[in-house]
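Asker: What follows is a protein structure lacking sequence information:
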């Protein structure tokens, strides 16, 4: 499919896609760019890339596909660095969780004749780094592409085909829609998980150690979510401010209502809420998202 | 171990313990009491009980062990109903999630010579009903017993032994301590999950269906938690008001701080929080609670 694929960033997502490309022979050469020496060594050791470099401008030389797989905050600097080296007709895509910000930070820096196709595989685990990746990560998962109107259709098709090979289902939507939906399904849940685990981290040590001991009752799931990469998530919240704040306001209002219901022993209000949420779960199960 | 064990309520927890008792031959007879005809039929059909009745007072006759496994709200009525039928020296235990309330509602109604041993297996799934139970549910999980000071030690030992046979590790603590800890590890996470799924349930239909479609990003876990039994959870919140409200206040304050950090783009504050929470996760993993 490709001659040379360059990954800028080779963590959980990048390395998983690199594994797909390797295993299926979708590129002649795969090169990884990572700032961290240990990450580069690991990627080489795993045999998922042919070369590794610390310099993004070197990585993208002669690449017909460049995959930005760094935290969002690195996009402006990386884009500026690689722009002069990108070949005519090459495709740049990304895997970032906020698409309007990706377009804002990358698109203006792309030279004429380079096609930027913003993408987001809705998949992941709480683990980070190239060793955390695995080939089946994207299987049966959605990959959302948010190409701006002027985007080259052939480039979009090629990126979509790559994700299909990884086992993903493709969806096309606007960056704004994506950011709103993912703000709800992914960003807000992560924020809440981080917050509650932070609340527990502030408890006195004796209580905290017991909380950890009996975490099986629900808290455990939150700690898993709140173990995700801190830099990646920092950049998500800073870059999807509006959608996250909007949902956070709604959530806070709803939480205040629930708090009041508990304080006043309004059993019926609580039961009604708890019944409604079962419906949503049923929808998720029917959508095969379990 | 026992002659005749009576389960008052035979849902996820009750039926799982009944399976353990059956499989290991820990009682000569097992009887279930369930209000719902379909539940009784199911319990009999599954072969996990010898008899099923709608009348708690019938179920406990000649039982040397009675296991209360209904939602907490049923405790006062059930206790009043069974009290006259309980034999001298018999043991009553329960599996409810709030122990101070269990003691408040059950202990005063127990006749002289009947031993009430409050217990709580920290295990479960989001599924309900006798068909949801399974024999290994308690394996490797904590079972917390909260016997009041005057409780008969031999009775406590027998209940503890039963849970050990189910594969659980036993911990003894006061009801107050239990309710505080579980308020944090279990009740608050459930409340938050119910609330956020409720927030989504209030969204316009088109957005909601997309949220369900892309639930994989974190929201999915919340829908799973928020699919738990509504009546059981209603009763938990009404009965563990103080501990839940205290933690909810702390959480709300922390959430407000995070909200502010996002609004003002305070990337460092966010990253610092997200790094701290990883430590807690490490603790949970080390405590083998994953």
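Answerer: Good, I have the coordinates. Note that the structure is a prediction, hence the values are computed from the model and not measured.
Asker: Please count neighbours and contacts with C-alpha atoms only from this point.
Answerer: OK.
Asker: what helix or strand does residue A:3 sit in?
Answerer: Using DSSP states H and E, residue A:3 sits within strand A:2-8.
Asker: And the most centrally placed residue in chain A, what's its pLDDT?
Answerer: Chain A has residue A:97 as the residue nearest its centroid, 4.3 Å off, counting by Cα atoms, centre = their mean. On pLDDT, residue A:97 comes in at 96.
Asker: Spatially nearest residue to it (excluding sequence neighbours)?
Answerer: residue A:120 (6.0 Å; Cα to Cα, 6 or more residues apart in numbering or on different chains).
Asker: what about that neighbour, distance to chain B?
Answerer: 11 Å (Cα to the nearest Cα, to the nearest Å).
Asker: next one: residue A:158
Answerer: Distance, residue A:158 to chain B, by Cα to the nearest Cα: 23 Å.
Asker: can you give me how far the helix or strand where that residue lies is from the chain middle?
Answerer: Element membership for residue A:158 (DSSP H and E) is helix A:153-165. Offset of helix A:153-165 from its chain centre (Cα atoms, centre = their mean, to the nearest Å): 18 Å.
Asker: before we move on, back to that, so the residue nearest to residue A:97: helix, strand or coil?
Answerer: Secondary structure for residue A:120, judged by DSSP: H, G, I helix; E, B strand; the rest coil, is strand.
Asker: Strand partners (parallel or antiparallel) of the strand holding residue A:3?
Answerer: According to DSSP bridges, strand A:2-8 forms sheet pairs with strand A:27-33 (parallel), strand A:65-68 (parallel).
Asker: would TSV of those with mean pLDDT and mean neighbour count be doable?
Answerer: Below are the strands paired with strand A:2-8 laid out as TSV (pLDDT from 0 to 100; neighbours: other Cα atoms under 10 Å in any protein chain shown):
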stretch	mean pLDDT	mean neighbour count
strand A:27-33	98	22
strand A:65-68	98	27
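Asker: Any chance of JSON lines for the ones you listed, columns distance to residue B:208?
Answerer: Below are the strands paired with strand A:2-8 laid out as JSON lines (distance: least, Cα to Cα, whole Å):
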{"stretch": "strand A:27-33", "distance to residue B:208": "38"}
{"stretch": "strand A:65-68", "distance to residue B:208": "30"}
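Asker: Kindly report the residues of the stretch 1-150 of chain A close to chain B.
Answerer: Residues of the stretch 1-150 of chain A found near chain B (Cα under 8 Å from any Cα of the partner chain) are A:122, A:123, A:124, A:141, A:142.
Asker: Please name the residues that touch the last one.
Answerer: What that stands for is residue A:142. A:121, A:122, A:123, A:168, A:169, A:170, A:171, B:214 (Cα atoms under 8 Å, 6 or more residues apart in numbering or on different chains).
Asker: Where does the prediction get shaky in the stretch 151-290 of chain A?
Answerer: For the stretch 151-290 of chain A, applying pLDDT under 70 flags the ranges A:288-290.
Asker: Please, where are all the helices along it?
Answerer: Ranges of helices within the stretch 151-290 of chain A are A:153-165, A:175-182, A:188-201, A:205-213, A:219-225, A:230-239, A:241-263, A:267-286, based on DSSP state H, counting those that start in this stretch.
Asker: Nearest approach to residue B:64 belongs to which of the ones you listed?
Answerer: Nearest to residue B:64 among the helices of the stretch 151-290 of chain A is helix A:205-213; the distance by Cα to Cα comes to 32.1 Å.
Asker: Touching that closest one from outside, list them.
Answerer: Applying Cα under 8 Å, 6+ apart, the contact partners of helix A:205-213 are A:200, A:201, B:181, B:182, B:184, B:185, B:280, B:283, B:284, B:287, B:289.
Asker: which helices and strands does the helix holding residue A:158 pack with?
Answerer: Helices and strands touching helix A:153-165, by 3 or more Cα pairs under 8 Å, 6 or more residues apart in numbering or on different chains; DSSP states H and E, are strand A:115-121, strand A:142-145, strand A:169-172.
Asker: coming back round to it: format the residues of the stretch 1-150 of chain A next to chain B as JSON lines; extra columns: pLDDT.
Answerer: Output for the residues of the stretch 1-150 of chain A next to chain B, formatted as JSON lines (pLDDT from 0 to 100):
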{"residue": "A:122", "pLDDT": "94"}
{"residue": "A:123", "pLDDT": "92"}
{"residue": "A:124", "pLDDT": "90"}
{"residue": "A:141", "pLDDT": "94"}
{"residue": "A:142", "pLDDT": "95"}
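Asker: just the buried members of those?
Answerer: A:122, A:123, A:124, A:141, A:142 (16 or more other Cα atoms under 10 Å in any protein chain shown).
Asker: Most widely separated two among these?
Answerer: A:124 and A:142 (11.4 Å).
Asker: thinking again about what came up before, just name the closest of the contacts of helix A:205-213 to residue B:32, please.
Answerer: Using Cα to Cα, these come closest to residue B:32 at residue B:182, 27.6 Å.
Asker: roughly how far apart are the closest one and chain A?
Answerer: On the measure of Cα to the nearest Cα, residue B:182 and chain A end up 8 Å apart.
Asker: can you count the residues close to that residue?
Answerer: 28 (other Cα atoms under 10 Å in any protein chain shown).
Asker: contacting residues around it?
Answerer: A:211, A:214, A:217, B:97.
Asker: tell me which residues form a beta bridge with the residue nearest to residue A:97?
Answerer: Per DSSP bridges, the residues bridged to residue A:120 are residue A:144.
Asker: what do you get for residue A:5?
Answerer: residue A:30, residue A:65.
Asker: Nearest residue to residue A:186 in space, please, no chain neighbours.
Answerer: residue B:217 (4.5 Å).
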